[in-house]
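Asks: Predicted model, plus sequence, below.
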Amino acid sequence: MKWIRDNWIFLLVLTVLTVGFLVGVYQPLQRQLGSLRGEISKVDVAIEAEAATAAKVPQMRTQVEQLKAQFRDFDRRLPRQQELAGFLREISGSARAGQFHGQVIEPGSPTAGALYDCLPIVMRFDCSFSDLASFLEGLGVMTRLSRVERLDVTEGHSPGLLHVQAQINIYFTES
């Protein structure tokens, strides 16, 4: 009987040790493992988000290089001085290419802006519709940044001609 009693004591001690291990060691470690797995999942999501952001960097570099190339000649189009004479030569050459009659060019007074200054130029001339279209197209490809601010077109004095009055603004960065 002593042998049976010793077996029961051994089983009881073994059961207490097993329950103690489960409650005192295994369950806390399982909770900690679950918590760490949750943190790993969060970190994995953050890494994926950062990888997606990092994947955009080469595309952004390409876009920056394209923008640099696009605006490389910007200083030429927006010079540091009025350079009115060069613009008038260029615009007069464009006007001579068409059949303009009675051409008058009147520069106005420059106005200062926050980032750039503006010089209005009023032009009056008579021309055909196709010459006017060519002239306006030529303004868009000029080396100097300019904008047609106002364009008044009326019937000209001669048949087939239009009387044009245009205010064209040119821009520069210093007076």
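Replies: Ah, there it is.
Asks: Now name the helix or strand holding Q66.
Replies: When secondary structure is defined by DSSP states H and E, Q66 falls within helix 27-70.
Asks: list the buried ones in stretch 121-141?
Replies: Buried residues in stretch 121-141, counting neighbours by 16 or more other C-beta atoms under 10 Å, are found at I121, M123, F125, D126, C127, S128, D131, L132, F135, G138, L139. From N, CA and C alone the C-beta is placed, and that goes for glycine too.
Asks: okay, how far is it across that stretch, tip to tip?
Replies: Using C-alpha to C-alpha, to the nearest Å, the end-to-end distance of stretch 121-141 comes out at 18 Å.
Asks: Excluding its own residues, what touches it? List them.
Replies: Contacts made with stretch 121-141 from outside it, assessed by C-beta atoms under 8 Å, 6 or more residues apart in numbering, are listed as 87-88, 91, 94-95, 97-108, 146, 148, 151, 153, 156-158, 160-170.
Asks: Please pick the buried ones from those.
Replies: For the contacts of stretch 121-141, a burial check counting by 16+ other C-beta under 10 Å picks out 87, 91, 94-95, 98, 100, 103, 146, 156, 161-164, 166-170.
Asks: The helix or strand V19 falls within to helix 27-70, inter-axis angle?
Replies: For V19, the enclosing helix or strand under DSSP H and E is helix 2-21. Relative orientation of helix 2-21 and helix 27-70, computed by axes from the mean of the first three to the mean of the last three C-alpha atoms, to 10 degrees: 30 degrees.
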